[in-house]
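Chemist: structure for the following, please:
(2 chains)
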Number of protein chains: 2
Amino acid sequence: MPEFVRILGIDCGTQCLGFGVIDSDGYSHRLVGSGALHPKPTEVLAFRLRTLAASLRQVFIDYAPQVVAVEGVFSKINPRAALQLTHARGVALLLAAEHGVAPVEYAPATVKAMIAGHGRAEKEQVARIVQSLLQIQQPFATGDESDALAIALCYALQQNFARAARQQPRVGEQ
Amino acid sequence: MPEFVRILGIDCGTQCLGFGVIDSDGYSHRLVGSGALHPKPTEVLAFRLRTLAASLRQVFIDYAPQVVAVEGVFSKINPRAALQLTHARGVALLLAAEHGVAPVEYAPATVKAMIAGHGRAEKEQVARIVQSLLQIQQPFATGDESDALAIALCYALQQNFARAARQQPRVGEQ
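Modeler: Just a heads-up that it's a prediction; the model follows:
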């Protein structure tokens, strides 16, 4: 990742879907935009997904991300909740593909480990580090927004580490 | 359901998605069309969902269903498989909602019970009864196609039973 790349992170949920867009070259990161989509909780699932899809399509149009990063469904939340959010995840993956991008996926523990240094970090701790990495003054309105930015940053940092590993001289090369 | 209604049944899967369209007034049922969509298994999930969505959108345009019926995810299949097919289910629900219809959902055991008389009926038995109800001569190419038609028929039969129950004279009314 030699130049700045625009990364969209998506934190999936059928009650609330967080998104965060950053520009990053792997070392410095800039917040481009973020938000949380809240479909009406009284609507049936199919109509909530339609509301999410309409808003998320607009995010793809507005920000034209080159990379899309989403959380995998490897978490230890209860199976019913996992199934609920997987519907929204299906819609997010579809929209990314329709935008021409195959999303990268990260396990929740990987995101936490990349951002906060260990896979069991608290949500608030991750949010504070995201705030610091992106030099944002005010705290986030919702955890979904900072989670989405954490996922986007996870991709950025991973590219950085991968490049650093490639550039490191091998033993005996110095 | 006094007149004929067009019902689309969808059997969700990311490897193969079955669809079946029938016209029914609750008593007599007519096959309108059916098929199975097979995205390339070598493609990543997001691109498979895109392929499924493109084909399924065409099904909605071609057949203009008034009712959409899908299987719920209450089955006892392993959690990983359930999560996989829930992605496709999210896409199917989205397309139904974009078509203006809130899908009805049936547990797999309900579909089997409505079609074959008991919730533990074999797949082949359900397929034979679907064939008979729709007066189809040749057996189905795939189980996904007959499963989708079984889901559509489930809605049709349920409307029939509900109407019969409403029309039944109450005790003492005769």
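
Chemist: list the buried residues for stretch A:106-115?
Modeler: A:106, A:108-115 (16 or more other CB atoms under 10 Å in any protein chain shown). Using the backbone N, CA and C atoms, a C-beta is placed for each residue, glycine as well.

Chemist: now it: mean pLDDT?
Modeler: Averaged over stretch A:106-115, pLDDT sits at 92.

Chemist: next one: stretch A:64-80
Modeler: On average, stretch A:64-80 scores 82.

Chemist: name the helices or strands packed onto the strand or helix carrying A:A36?
Modeler: Per DSSP states H and E, A:A36 falls inside strand A:29-37. With contacts taken as 3 or more CB pairs under 8 Å, 6 or more residues apart in numbering or on different chains; DSSP states H and E, strand A:29-37 sits against strand A:17-24, helix A:45-63, helix A:143-167.

Chemist: give me the distance between the closest residue to A:Q15 other than its chain neighbours and chain B.
Modeler: Among residues not flanking A:Q15 along the chain, A:P41 sits closest, at 6.1 Å (CB to CB, 6 or more residues apart in numbering or on different chains). Computed as CB to the nearest CB, to the nearest Å, the A:P41 to chain B distance reads 15 Å.

Chemist: and A:P41, which of the three is it?
Modeler: With DSSP: H, G, I helix; E, B strand; the rest coil as the basis, A:P41 sits in coil.

Chemist: give me the pLDDT for it.
Modeler: pLDDT, read off for A:P41, is 88.

Chemist: would you list the phi and psi of it?
Modeler: Dihedral angles of A:P41 (phi, psi; degrees, to the nearest 10) stand at phi -70, psi -20.

Chemist: chain center to the helix or strand of chain A with the lowest mean pLDDT, what's the gap?
Modeler: In chain A, the helix or strand scored least confidently by mean pLDDT, DSSP states H and E is helix A:143-167, which has a mean of 86. Distance, stretch centre to chain centre, for helix A:143-167: 9 Å (CA atoms, centre = their mean, to the nearest Å).

Chemist: mind listing what's buried in that helix?
Modeler: Buried-residue list, helix A:143-167, by 16+ other CB under 10 Å: A:143-160.

Chemist: what lines up beside the strand holding A:A36 in the sheet?
Modeler: strand A:17-24 (antiparallel) (DSSP bridges).

Chemist: test my guess that A:L56 contacts A:G18.
Modeler: No. If you go by CB atoms under 8 Å, A:L56 and A:G18 don't touch, sitting 10.9 Å apart.

Chemist: mind listing the shared neighbours of these two?
Modeler: Residues touching both A:L56 and A:G18 by CB atoms under 8 Å, 6 or more residues apart in numbering or on different chains: A:10, A:37.

Chemist: contacts for stretch A:107-120, please.
Modeler: Contact partners of stretch A:107-120, identified using CB under 8 Å, 6+ apart, comprise A:71-72, A:74-75, A:106, A:121, A:125-126, A:129-130, A:133, A:147, A:150-151, A:153-154, A:157-158.

Chemist: what's near enough to touch the residue in chain A that chain B sits nearest to?
Modeler: Closest to chain B within chain A is A:G90: 3.0 Å, counting by CB to the nearest CB. By CB under 8 Å, 6+ apart, the residues touching A:G90 are B:49, B:86-91, B:94.

Chemist: show me what contacts the residue nearest to A:L93 when sequence neighbours are not counted?
Modeler: Nearest residue to A:L93, sequence neighbours excluded (CB to CB, 6+ apart): B:A46, at 4.0 Å. Contact partners of B:A46, counting by CB under 8 Å, 6+ apart, are A:93-94, A:96-97, A:101-103.

Chemist: turn those into JSON lines, columns for distance to A:P79, neighbour count and secondary structure.
Modeler: Formatted as JSON lines, the contacts of B:A46 follow (distance: CB to CB, whole Å; neighbours: other CB atoms under 10 Å in any protein chain shown; DSSP: H, G, I helix; E, B strand; the rest coil):
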{"residue": "A:L93", "distance to A:P79": "20", "neighbour count": "29", "secondary structure": "helix"}
{"residue": "A:L94", "distance to A:P79": "23", "neighbour count": "27", "secondary structure": "helix"}
{"residue": "A:A96", "distance to A:P79": "25", "neighbour count": "26", "secondary structure": "helix"}
{"residue": "A:A97", "distance to A:P79": "26", "neighbour count": "22", "secondary structure": "helix"}
{"residue": "A:V101", "distance to A:P79": "29", "neighbour count": "18", "secondary structure": "coil"}
{"residue": "A:A102", "distance to A:P79": "26", "neighbour count": "16", "secondary structure": "coil"}
{"residue": "A:P103", "distance to A:P79": "23", "neighbour count": "24", "secondary structure": "coil"}
